[in-house]
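Undergrad: Sequence below, structure please.
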Amino acid sequence: MVFPVLNLLFVFLFPINPAAVDPRIEIELQKHQTVDVLCVFRSELTELGAITRPFEFKAQKGNYVFKHLRAEAKIKQALLIRYLEHNHIDYYSFFIINAIQVPKADAKLIQYLSTRPEIARLEYNQPYALMRPEATTLDLNFLETRGPHAIEWGIGRIRADTLWQLGIKGQGVVLGSSDTGVELHPAIKNNYRGTLSNQNLNHNYNWHDAIHSISPLNKDSISMPNVNPCGLDVGAPCDDHNHGTHTVGTMAATDFQTGVAPEAKWIGCRCMERGWGSLATYLECFQWFLAPTDLNNDNPDPAKAPHVINNSWGCIQEEGCNSSNFGTMEQVVKNLKAAGIFITVSAGNDGSQGCGSINDPPAILEPAFSVGATAINDTIASFSSRGPVTIDLSGRVKPNISAPGVAIRSTIRNGGFVTWNGTSMASPHVSGAVALLISAFPTLSGKVELLEDILEKSADPKTIRFGCGKDSAFTVPNIVYGYGRLNVYKAYLYTKQLLTTAIPARGKIALKIFPNPFNQRVIFEFGRKVVVKRLVIYDVHGRVVYSQSGSVSTALELVTTGWTQGFYFYQVQTEDGLRQGKMILRND
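TA: Residues are numbered from 1 along each chain as shown. Sure, this is the predicted structure:
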């Protein structure tokens, strides 16, 4: 049933512009009566990062992003939800990106959806897969000669153990696992945020299962096609594959041998059914990480969001990912970063294809922090995917960085350990390293771009003799190692130098800004002579339009002729603390 009056209202509010329809939807409809589609709505909230960048605290960013994304989704999805419910059509609403999933849309419904003026595009809810690791075939005799309590080689190579000796072990930081689930292995159970002091468990806000049905892709390749080992919609941590348990162990195992950040907490969301997921399960987990919920999927709370989310999976072209839906994934990652959450992603295991083998989202995406894999001899692993990114014609340099990913021993189901190879094993090293840095410097919490910059600038530079494109034997970053191999101790020293003065939680600067709104000029008045350590003004796109440091004699006048009308954000740091806020330029 169509609602004429309400539709006329939306035609007035939105231009008549038919939704773009993924051609694979029609292909699927030729095979089946219905198709699983994602209706992506037109959105004005595409640059939240520019707004939240000046915010000092992660909680501020998370609350702002959650509040505005959910509010927009509620308004713009209202008419379609009413239509779907009236016609008894199953759906799932998202706000991490403004979208509605319709699992069983027939040709008639697709035609109707394509005419809705508030819908930007219809995407096929394609499958995606984890980056499947392999048991190592390397000579591991050197491991057998070590003592029983020796740390894993990757831990020592990135110098995480050096930070442990300084008392920095990930305390106060929460890691997120978006993967095949997690088993409460003895080496990681105590660091599960849902494990209480008396060893009782509370899974509210700490675990979510986005697997509601069996993946059809398992029928020909899995011995149990109709029964998942964990079940569906499970209310407690479970791993139906081993992959997620392995990556969590590398991030946060408590044995002081296996995990990079042995005292960090972790929470988990299962987004893959025995290694196969879809765009919808990916969105569901990321939405839950933005604002974790209780086990009834109610009462979302962005204050319980993790600091870092590890992602060791990719959506490969053969399974349906292409340039028509890259934008959806990219916007989700951007929204999470705007909320102050660090997104770590495995670069892929297609290095045998040579240059340009980083082909799959989210590794190819600009806002994702992509990680290649290095071997024990500190060279790039043969399987580690290389840039540049060519699939979207960007020529983007990826990976961002590299980390140990060969012969990585970590936890698996039933209390065991196994040694695997893969960029899936490299990415958790970086996630754990971020936890160590935030633990050492809590003011870094939520400052994703700064953390990325620190990791890149402190990496041990690595080059390759035969590069691709413009890369030479001296190019850093390059499309094989990125900025080099992760060194978290160097990152710690770099950060310590960078943050020479602790920033008080709340600034006490005597500061007056006038006029505000302003036109041709604006004055920062301090009331006395001060030393400005940093004054930065950003526009709404996050670009720096003005910066200065040094002594100021009571007031600083800025001529703003030529600035574009609109909002601006300022940050002022002096010896008295930090102040930030919003300014408005009006040309009237």
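Undergrad: and the nearest residue to residue 119 once chain neighbours are set aside, what does it touch?
TA: Leaving aside its chain neighbours, residue 119 sits nearest to residue 19 (4.3 Å; criterion: CB to CB, 6 or more residues apart in numbering). Every residue, glycine included, has its C-beta placed from N, CA and C. Residues in contact with residue 19 (CB atoms under 8 Å, 6 or more residues apart in numbering) are 39, 113-116, 119-122.
Undergrad: now swap in residue 307 and tell me
TA: Applying CB under 8 Å, 6+ apart, we find residue 307 in contact with 58, 173-175, 340-342, 434-435, 438, 445-446.
Undergrad: if you set the cut-off to 6 Å instead, what comes out?
TA: 173-174, 438 (CB atoms under 6 Å, 6 or more residues apart in numbering).
Undergrad: go on, residue 294?
TA: residue 204.
Undergrad: Look up how far residue 201 lies from it.
TA: Computed as CB to CB, to the nearest Å, the residue 294 to residue 201 distance reads 14 Å.
Undergrad: Residue 450 too?
TA: Residue 450 is 35 Å from residue 201, by CB to CB.
Undergrad: What about the residue nearest to residue 373 when sequence neighbours are not counted, how many residues nearby?
TA: Take residue 373 and drop its neighbours on the chain: the residue closest to it by CB to CB, 6+ apart is residue 405, 2.5 Å away. Using other CB atoms under 10 Å, residue 405 is surrounded by 31 other residues.
Undergrad: ok, residue 405 touching residue 426?
TA: Yes. In this structure residue 405 lies within contact range of residue 426 using CB atoms under 6 Å: 3.3 Å.
Undergrad: residues shared between the contacts of those two?
TA: If you check residue 405 and residue 426 against CB under 6 Å, 6+ apart, the residues they both contact are residue 373.
Undergrad: who's in contact with residue 270?
TA: Applying CB under 6 Å, 6+ apart, we find residue 270 in contact with 181, 209, 211.
Undergrad: What is the nearest of those residues to residue 481?
TA: Nearest to residue 481 among the contacts of residue 270 is residue 181, at 31.3 Å by CB to CB.
Undergrad: Who does residue 174 form a beta bridge with?
TA: Beta bridges link residue 174 to residue 265 when assigned by DSSP bridges.
Undergrad: Residue 264 is in contact with that one, correct?
TA: No. Applying CB under 6 Å as the test, residue 174 and residue 264 come out as separate, 7.0 Å apart.
Undergrad: Between the two, point out the one with more neighbours.
TA: Between residue 174 and residue 264, counted using other CB under 10 Å, the more crowded position is residue 264 (29 against 23).
Undergrad: Could you check how far the residue nearest to the more buried one when sequence neighbours are not counted is from residue 189?
TA: Leaving aside its sequence neighbours, residue 264 sits nearest to residue 170 (CB to CB, 6+ apart; 3.1 Å). Residue 170 sits 16 Å away from residue 189, going by CB to CB.
Undergrad: circling back to that earlier point, dump the contacts of residue 270 to CSV, plus pLDDT and neighbour count.
TA: Output for those, formatted as CSV (pLDDT from 0 to 100; neighbours: other CB atoms under 10 Å):
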residue, pLDDT, neighbour count
181, 97, 32
209, 98, 26
211, 95, 28
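Undergrad: Of these, just say which sits nearest to residue 33.
TA: Among those, and counting by CB to CB, the member closest to residue 33 is residue 211, at 23.9 Å.
Undergrad: Leaving out chain neighbours, which residue sits closest to that closest one?
TA: Nearest to residue 211 is residue 273, by CB to CB, 6+ apart, at 4.7 Å.
Undergrad: do residue 73 as well
TA: Closest to residue 73 by CB to CB, 6+ apart is residue 95, at 3.8 Å.
Undergrad: need the contact list for residue 43.
TA: By CB under 6 Å, 6+ apart, the residues touching residue 43 are residue 98.
Undergrad: Is it in a helix, a strand, or coil?
TA: Classification of residue 43 using DSSP: H, G, I helix; E, B strand; the rest coil returns coil.
Undergrad: how near is it to residue 75?
TA: 11 Å.
Undergrad: possible to save the contacts of residue 307 as CSV with distance to residue 415 and pLDDT?
TA: Formatted as CSV, the contacts of residue 307 follow (distance: CB to CB, whole Å; pLDDT from 0 to 100):
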residue, distance to residue 415, pLDDT
173, 25, 96
174, 24, 97
438, 30, 96
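Undergrad: for the residues you listed, which one is nearest residue 194?
TA: residue 174 (11.4 Å).
Undergrad: quick one: the closest one and residue 252, what's the gap?
TA: Residue 174 is 10 Å from residue 252, by CB to CB.
Undergrad: same check, this time on residue 116
TA: Taken as CB to CB, the span from residue 116 to residue 252 is 44 Å.
Undergrad: can you check residue 187 too?
TA: Taken as CB to CB, the span from residue 187 to residue 252 is 9 Å.
Undergrad: between these two, which one's more packed in?
TA: residue 252 (32 against 22).
Undergrad: Could I get the phi/psi values of the more buried one?
TA: Main-chain dihedrals, residue 252, degrees, to the nearest 10: phi -150, psi 30.
Undergrad: Next secondary structure after the worst-scoring helix or strand of the chain on mean pLDDT?
TA: Lowest by mean pLDDT, DSSP states H and E among the helices and strands of the chain is helix 4-13, with a mean of 40. From helix 4-13 onward toward the C-terminus, using DSSP states H and E, the following helix or strand is strand 20-21.
Undergrad: Partner strands of that next one, with direction?
TA: Strand 20-21 pairs in its sheet with strand 119-124 (parallel), by DSSP bridges.
Undergrad: Not counting the strand it pairs with itself, show me its contacts.
TA: Residues contacting strand 119-124 (CB under 6 Å, 6+ apart): 19-22, 24-25, 37-42, 113, 325.
Undergrad: chain center to it: distance?
TA: Distance of strand 119-124 from its chain centroid, counting by CA atoms, centre = their mean, to the nearest Å, is 23 Å.
Undergrad: Shouldn't residue 569 be within a strand?
TA: Yes. Assessed with three-state DSSP, residue 569 lies in a strand.
Undergrad: wait, it sits on residue 538?
TA: Yes. Between residue 569 and residue 538 there is a contact at 4.8 Å, judged by CB under 6 Å.
Undergrad: thinking again about what came up before, ok, now which ones touch the residue nearest to residue 373?
TA: By CB under 6 Å, 6+ apart, the contact list for residue 405 reads 373, 381, 422-423, 425-426.
Undergrad: Ok, residue 251 next?
TA: So residue 251 contacts 175, 428, 431-432 (CB under 6 Å, 6+ apart).
Undergrad: Out of those, which comes closest to residue 460?
TA: Nearest to residue 460 among those is residue 432, at 17.1 Å by CB to CB.
Undergrad: where's the closest one relative to residue 58, distance?
TA: Residue 432 is 18 Å from residue 58, by CB to CB.
Undergrad: what about the two, which has more around it?
TA: Per other CB under 10 Å, whichever of residue 432 and residue 58 has more neighbours is residue 432, with 33 against 23.
Undergrad: Give me the next element, helix or strand, following the strand or helix carrying the more buried one.
TA: Taking DSSP H and E as the definition, residue 432 sits inside helix 423-440. Beyond helix 423-440 on the C-terminal side, the first helix or strand identified by DSSP H and E is helix 448-458.
Undergrad: elements contacting that following helix?
TA: With contacts defined as 3 or more CB pairs under 6 Å, 6 or more residues apart in numbering; DSSP states H and E, the packing partners of helix 448-458 are helix 488-498.
Undergrad: So which bits of the helix it packs on are buried?
TA: 488-492, 494-495 (16 or more other CB atoms under 10 Å).
Undergrad: Closest one to residue 162 out of those, please.
TA: Residue 162 lies nearest to residue 489 out of these, by CB to CB, at 4.5 Å.
Undergrad: What's opposite the most centrally placed residue in the chain in the beta bridge?
TA: Closest residue to the average C-alpha location of the chain: residue 343 at 2.6 Å, with CA atoms, centre = their mean. Residue 343 forms beta bridges with residue 309, as assigned by DSSP bridges.
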